[in-house]
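> Requesting a structural model of the entry that follows:
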Amino acid sequence: MLKPFKCYKTYTSNGTFIVPAGVTEVYITGGGAGGGSADSQVMSVGSSGTPTSFGNLLTLSGGGGGSTILGAANSAGGMPGGNGGQAGTCSLSASGFRLGNGGKSGPYFGGIVQNIPSNYVSVAIMKSRDGGYCSGGAGSNYTSAEVGSAAGGGDFVYNYPITVTPLSTIVVTIGIGGLGGNNQSHGRVGNGGNGILTVKWWE
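Model (predicted):
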């Protein structure tokens, strides 16, 4: 079991990490960006999240976007970027409307569909939420015959050990969340969350 880290630095945007003198190993916690969901009113595909990387030493892939073609049989949730993420869903609710929750990544939960009226008469308040860090956006639907397809979460690692060279400079690239497909103005697609990366070490 690792002892508590004395030093760490978290990145939510691109930057550089200069390895401190005497440090030969760091531990990475973080993930690639989540994908964007798909709307069901028209053929729609959400884009994938982009990778998060720690120089050329580690790359964490982004989650896949959801895809929707009119008709439930042709729709699919986005795939995860790796073992640390989850796939998006396009599940059937009790009332016959299909609502997709975004795949989570690490400790961050994917977007969910909120504020849905019990009688389903107002599409305008069926809102899909964006994913949290590294997680996929949610997708809701237009009619009970269609699917709102959610997106996958990015790959995620905890305290992943990497050998480094003291005083070297490592470029940190943070993944950008995928955009949801069509009809964003109606609130039926959610964007993926951006990546995040924390570097930990002892001095």
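
> residue nearest the centroid of this protein?
Central residue of the chain (CA atoms, centre = their mean): G34, 1.9 Å from the mean position.

> What segments of the chain are strands?
Ranges of strands in the chain, per DSSP state E, are 7-11, 15-18, 25-31, 44-45, 52-54, 58-60, 67-68, 91-92, 98-99, 113-114, 127-128, 156-163, 169-173, 196-201.

> tell me the phi and psi of the spatially most distant residue from the centre of the chain?
Using CA atoms, centre = their mean, the residue of the chain lying farthest from its centre is G22. It sits 34.9 Å away. The phi/psi pair for G22 (degrees, to the nearest 10) reads phi 80, psi -10.

> Just the residues contacting stretch 163-170, thanks.
16-26, 54-55, 57 (CB atoms under 8 Å, 6 or more residues apart in numbering). (Each C-beta comes from the backbone N, C-alpha and C, glycine too.)

> okay, that stretch in PDB with CA atoms only?
Extracted in PDB, the C-alpha atoms of stretch 163-170 (Å, rounded to 0.1, in the frame of the first residue of the first chain):
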ATOM      1  CA  THR A 163       9.600   6.100 -14.300                       C
ATOM      2  CA  VAL A 164      10.800   9.700 -15.100                       C
ATOM      3  CA  THR A 165      14.100  11.500 -15.400                       C
ATOM      4  CA  PRO A 166      14.900  14.200 -12.800                       C
ATOM      5  CA  LEU A 167      14.700  17.800 -14.100                       C
ATOM      6  CA  SER A 168      13.100  16.700 -17.400                       C
ATOM      7  CA  THR A 169      10.100  18.500 -18.800                       C
ATOM      8  CA  ILE A 170       7.000  16.500 -19.700                       C
END
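
> quick one on the thing from earlier: identify the residues contacting the residue nearest to the centre of the chain.
49, 62-63, 85, 102-103, 105, 110, 131-132, 134-137, 151-154, 177-178, 192-193.

> Torsion angles phi and psi at the nearest residue to G22 once chain neighbours are set aside?
Spatial nearest neighbour of G22, chain neighbours left out: P166 (5.8 Å); criterion: CB to CB, 6 or more residues apart in numbering. Reported as degrees, to the nearest 10, the phi and psi values for P166 are phi -50, psi 140.

> Can you report how many residues lie near P166?
Counted with other CB atoms under 10 Å, residues neighbouring P166 total 11.

> Need the pLDDT of it.
Among the per-residue scores, P166 holds a pLDDT of 97.

> Tell me how far it lies from N191.
39 Å (CB to CB, to the nearest Å).

> Isn't W201 up against V26?
Yes: W201 lies in contact with V26 (CB atoms under 8 Å); the separation is 4.6 Å.

> With neighbour numbers in mind, choose between the two.
V26 (27 against 20).

> Wait, that one touches T198, no?
No: V26 lies out of contact with T198 (CB under 8 Å); the separation is 10.0 Å.

> Which residue is the nearest non-sequential neighbour of G106?
F156 (3.5 Å).

> The one you found: neighbouring residues, count only.
By other CB under 10 Å, neighbour count at F156 equals 30.

> ok, what's across the strand from it?
Beta-bridge pairing of F156, defined through DSSP bridges, involves G31.

> Could you tell me which residues make contact with it?
By CB under 8 Å, 6+ apart, the residues touching F156 are G30, G31, G32, L60, G82, G84, G85, S105, G106, C134.
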